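Chemist: Pasting the sequence and the predicted coordinates here, then a few questions.
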Amino acid sequence: MAWNRDRDERQQPAPEPVRPVQQAAPLPARPAPAPGGSAVLGRNVSVKGEIYSGEDLTIDGDVEGSVEVAGHRLTLGPNSNLKVSQVKAHDLIVFGSLTGKVHVVDKVHIRKDASLIGDIQTAGIVIEDGAYFRGGIDITKKME
């Protein structure tokens, strides 16, 4: 049997036409911050100095110094260990350990198994059974 070039070329499928590549929209240089965002310092983070945050903040590591979260919530995770001169926040939730002066506008929550040693100035406080607290409490009027 002889090879027939014309017959083999007719049996080959025609190549698909090349389509132009569509350009994706360019990415923004920096994503816009989410409204009501929050920041997190993980359990392996250790900070010595002052922390200021303009959004909700969760700390699950070690901090020595001071923490100010003006107008926002500060949450201290179960692994947190803070030894600070002062903490200022709108709300404070403690699952870990805090030693220092506390000034909170609205309410302090000391959860079960948490420890807070220091004087507290706040409009409200909740201390769950099993939590440890030593210090003074100054209940103030809530001023928004």
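Modeler: Okay, I see it.
Chemist: Show me what the mean pLDDT comes to for stretch 39-50.
Modeler: Averaged across stretch 39-50, pLDDT comes to 90.
Chemist: Now do the end-to-end distance for it.
Modeler: Terminal residues of stretch 39-50 are spaced 15 Å apart (C-alpha to C-alpha, to the nearest Å).
Chemist: can you give me how far it is from the chain middle?
Modeler: 11 Å (C-alpha atoms, centre = their mean, to the nearest Å).
Chemist: Isn't Gly132 up against Lys112?
Modeler: Just so we're on the same page, residue 132 is Tyr rather than Gly. No - counting by C-beta atoms under 8 Å, Tyr132 does not reach Lys112; the two are 10.1 Å apart. The C-beta positions use only the backbone N, C-alpha and C, and glycine is treated the same way.
Chemist: helix/strand/coil for Asp129?
Modeler: At Asp129, secondary structure determined by DSSP: H, G, I helix; E, B strand; the rest coil is coil.
Chemist: Excluding chain neighbours, give the residue nearest to it in space.
Modeler: Nearest residue to Asp129, sequence neighbours excluded (C-beta to C-beta, 6 or more residues apart in numbering): Lys112, at 6.5 Å.
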